[in-house]
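K.L.:
this is a predicted model, with the sequence first.
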Amino acid sequence: MKLQMWERLLFESYAQLRGTPVDRAMRDYLALCKKEFPFYGATLYNVKPRQSGSASIKKKSLFGVSGAGAWILREDNKQVSAHFRFDQICSWATTSATFAMLVVTPKSAGELASMSKLIFETPHGQEISFALQSYVNFLIHQSEKPSAGNVKLS
């Protein structure tokens, strides 16, 4: 598509939004991001898979950490190669040049889950480890807070 065509479509779309309340526009934007980019808001790190156990994880990848868990994306097109919720991540470790993670991957009904070890070459292992630990600590802290239904009033 030519630049003039993009420009025209952009101005037409903008004109349709005139009068939309700011808070609604922000909610719509975030909903679109969440739908189109489930890893939206993740912190991304460049990694090279050394051992992945999956053909979908390419030579150059991005490793993302968000409140929804860990993401592995193709570097070239940002497509999700793998996603692991925090309850699927058993452990992780890091050195100055690598990051490793042990994950449980569920199988279909009637089959046992399998354990996979993922190893990545990256100078960002410490940062990835810190980000994962921070989210886990936050989730544990949130789960320990009493909910309104559990509070006893005297």
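P.N.:
Right, received. Where do you want to start?
K.L.:
what packs against the lengthiest helix in the chain?
P.N.:
Longest helix of the chain, by residue count under DSSP state H: helix 125-144. For helix 125-144, the packing partners by 3 or more CB pairs under 8 Å, 6 or more residues apart in numbering; DSSP states H and E come out as strand 43-51, strand 61-66, strand 89-94, strand 98-105. The way it works is simple: take the backbone N, C-alpha and C, and place the C-beta from them, glycine included.
K.L.:
CA atoms only: put it into PDB for me.
P.N.:
Backbone C-alpha positions of helix 125-144 (Å, rounded to 0.1, in the frame of the first residue of the first chain) are rendered in PDB as follows:
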ATOM      1  CA  GLY A 125      19.200 -13.700  32.100                       C
ATOM      2  CA  GLN A 126      19.400 -11.800  35.300                       C
ATOM      3  CA  GLU A 127      16.800  -9.300  34.200                       C
ATOM      4  CA  ILE A 128      14.500 -12.100  33.000                       C
ATOM      5  CA  SER A 129      14.900 -13.900  36.300                       C
ATOM      6  CA  PHE A 130      14.200 -10.700  38.300                       C
ATOM      7  CA  ALA A 131      11.100  -9.900  36.200                       C
ATOM      8  CA  LEU A 132       9.700 -13.400  36.700                       C
ATOM      9  CA  GLN A 133      10.400 -13.400  40.400                       C
ATOM     10  CA  SER A 134       8.800 -10.000  40.800                       C
ATOM     11  CA  TYR A 135       5.500 -11.100  39.200                       C
ATOM     12  CA  VAL A 136       5.500 -14.400  41.200                       C
ATOM     13  CA  ASN A 137       6.000 -12.400  44.400                       C
ATOM     14  CA  PHE A 138       3.200 -10.000  43.500                       C
ATOM     15  CA  LEU A 139       0.800 -12.900  42.700                       C
ATOM     16  CA  ILE A 140       1.700 -14.600  46.000                       C
ATOM     17  CA  HIS A 141       1.200 -11.400  47.900                       C
ATOM     18  CA  GLN A 142      -2.200 -10.800  46.200                       C
ATOM     19  CA  SER A 143      -3.400 -14.400  47.000                       C
ATOM     20  CA  GLU A 144      -2.500 -13.900  50.700                       C
END
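K.L.:
first to last residue in stretch 113-128, what's the distance?
P.N.:
End-to-end span of stretch 113-128 (CA to CA, to the nearest Å): 25 Å.
K.L.:
how far is it from where the chain is centred?
P.N.:
A distance of 14 Å separates the centroid of the chain from that of stretch 113-128, by CA atoms, centre = their mean, to the nearest Å.
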